[in-house]
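> dropping a prediction and its sequence here:
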Amino acid sequence: MTLYTTQQVADLLDLHVKTVRGYVKDGRLRSTRLGKQYRIARKDLEAFLGKSLDVSPAAVTPQAEVSSIVELEGIGNQAASRLSNLMMTAARGHREERPLRVETLFDPERNRLKLIVIGSLEATVTLLQMIDRLNREQ
């Protein structure tokens, strides 16, 4: 069974990925949810289109996404806030087609900052290197 990401379906249909996600959320395009992402089976995409796809599964560009959790111990409230703001700004400034997401959680009782980074391999590596540099400067 061939499964496509919403980005791959968007590329195949020459649509914006948000349009494809809208079809999925509206129930017009059947999908399977894997974690926070959707996968669309080829047969479901063909049913949505009302015709067979003219593309072979090998013609779809493979994509990889990374989910990383970084826990920083011994970080104060002010430093955690500064680092969180910098990471959120970096993620918003990201210019690839696939979004880079950053979520943060600070535990003041333990002085622990948890950063959850989700994005492409390249973007995640860049952001993790930035976290490392900023953490060393603390």
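Sure thing, it's come through.

> can you give me the strands for this structure?
Assigned by DSSP state E, the chain shows strands spanning 3-5, 32-34, 37-41, 65-73, 101-107, 112-120.

> and the first one, which strands flank it?
Right, the one you point to is strand 3-5. Strand pairing for strand 3-5, using DSSP bridges, gives strand 37-41 (antiparallel).

> picking up where we left off before, adding distance to residue 127 and mean neighbour count, write the strands of the chain out as a markdown table.
For every residue, glycine as well, the C-beta is placed using N, CA and C. Converted to a markdown table, these look like this (distance: least, CB to CB, whole Å; neighbours: other CB atoms under 10 Å):
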| stretch | distance to residue 127 | mean neighbour count |
| --- | --- | --- |
| strand 3-5 | 21 | 20 |
| strand 32-34 | 22 | 10 |
| strand 37-41 | 19 | 18 |
| strand 65-73 | 9 | 14 |
| strand 101-107 | 7 | 16 |
| strand 112-120 | 6 | 19 |
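
> got a list of what the residue nearest to residue 35 when sequence neighbours are not counted touches?
Distance criterion CB to CB, 6 or more residues apart in numbering; nearest residue to residue 35, sequence neighbours excluded, is residue 67 at 7.8 Å. Counting by CB atoms under 8 Å, 6 or more residues apart in numbering, residue 67 touches 35, 116-118.

> who's residue 67 bridged to?
Going by DSSP bridges, residue 67 forms beta bridges with residue 118.

> same question for residue 103.
residue 116.

> hang on, it packs against residue 116?
Yes - using CB atoms under 8 Å, residue 103 makes contact with residue 116 at a distance of 4.3 Å.

> show me the domain layout of the chain.
Following the assignment in automatic domain parsing, the chain carries domains at 3-59, 65-137.

> any chance of CSV for these, columns mean pLDDT?
Shown next, in CSV, are the domains of the chain (pLDDT from 0 to 100):
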stretch, mean pLDDT
domain 3-59, 86
domain 65-137, 88
